[in-house]
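In: Here is my input, please return the structure:
(2 chains)
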Amino acid sequence: QQQVKQSPQSLIVQKGGISIINCAYENTAFDYFPWYQQFPGKGPALLIAIRPDVSEKKEGRFTISFNKSAKQFSLHIMDSQPGDSATYFCAVAYSSGSARQLTFGSGTQLTVLP
Amino acid sequence: DAGVIQSPRHEVTEMGQEVTLRCKPISGHDYLFWYRQTMMRGLELLIYFNNNVPIDDSGMPEDRFSAKMPNASFSTLKIQPSEPRDSAVYFCASSYKNEQFFGPGTRLTVL
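Out: Now for the predicted structure:
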């Protein structure tokens, strides 16, 4: 069973536009919802994360919106830039001690056109 | 800190050969994770360690795969014998508390 479903698979946005990537999960025990950014030839890097006690978190141009009842969360990239072109992964986890076993979505390849 | 260090960055080998991937986590991190990334299956957690002890290896695909962490600054992932379907990018990540920091990965090609 796929624990987290991510869409779309690919996304093309004009410079200055808004990029929106969505994820849905099944297990209500998850309590940590990060987004990772991966550039070609590099490892994923944490972009922003949210816990289920808040509905939104913003860091610069990046915002996570979280809908606990719908079991969905999304990443919004405002004023998208060509440098944002990368693959984005959502992930879900539940705490086990201080470890966070991440289960990743399938990824979204974002292309921002200049 | 230099971040998570992985070696080699690229490995090309023939089917049946033994492959050893290496990882040096960030100093002070108490968790270490091994992932595999493929187009078909995405990012998969293979195994993780806490304070050098393997905690969950349920993601290890077969007995051909083994991982060790002899000390806090070094871990290996070994595939013996390797098969073409093992071709993938293998990532090591380390963490202390919340955030996992990924290494640059090892791109493995098994011919």
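In: show me where chain A has strands.
Out: A:4-7, A:10-14, A:19-25, A:33-38, A:45-50, A:56-59, A:62-67, A:72-77, A:86-92, A:95-96, A:99-100, A:103-104, A:108-113 (DSSP state E).
In: meant to ask about chain B, not that
Out: Applying DSSP E to chain B gives strands spanning B:5-7, B:10-13, B:19-24, B:31-38, B:42-50, B:53-56, B:65-71, B:74-79, B:88-95, B:100-102, B:106-110.
In: Can you say which of the strands of chain A is nearest to chain B?
Out: strand A:103-104 (4.2 Å; Cβ to the nearest Cβ). The C-beta positions use only the backbone N, C-alpha and C, and glycine is treated the same way.
In: ok, which residues in chain B are in contact with chain A?
Out: Residues of chain B found near chain A (Cβ under 8 Å from any Cβ of the partner chain) are B:4, B:30-31, B:33, B:42-43, B:45, B:48, B:50, B:55-56, B:91, B:93, B:95-105.
In: which among those residues end up buried?
Out: Neighbour-count burial (16 or more other Cβ atoms under 10 Å in any protein chain shown) applied to those gives B:4, B:30-31, B:33, B:42-43, B:45, B:48, B:50, B:55-56, B:91, B:93, B:95, B:100-105.
In: Now do residue A:95, the pLDDT please.
Out: You'll see residue A:95 listed with a pLDDT of 70.
In: one step back: possible to save the strands of chain A as JSON lines with mean neighbour count?
Out: Formatted as JSON lines, the strands of chain A follow (neighbours: other Cβ atoms under 10 Å in any protein chain shown):
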{"stretch": "strand A:4-7", "mean neighbour count": "19"}
{"stretch": "strand A:10-14", "mean neighbour count": "14"}
{"stretch": "strand A:19-25", "mean neighbour count": "20"}
{"stretch": "strand A:33-38", "mean neighbour count": "22"}
{"stretch": "strand A:45-50", "mean neighbour count": "17"}
{"stretch": "strand A:56-59", "mean neighbour count": "12"}
{"stretch": "strand A:62-67", "mean neighbour count": "18"}
{"stretch": "strand A:72-77", "mean neighbour count": "20"}
{"stretch": "strand A:86-92", "mean neighbour count": "24"}
{"stretch": "strand A:95-96", "mean neighbour count": "12"}
{"stretch": "strand A:99-100", "mean neighbour count": "21"}
{"stretch": "strand A:103-104", "mean neighbour count": "21"}
{"stretch": "strand A:108-113", "mean neighbour count": "17"}
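In: Sounds good, over and out.
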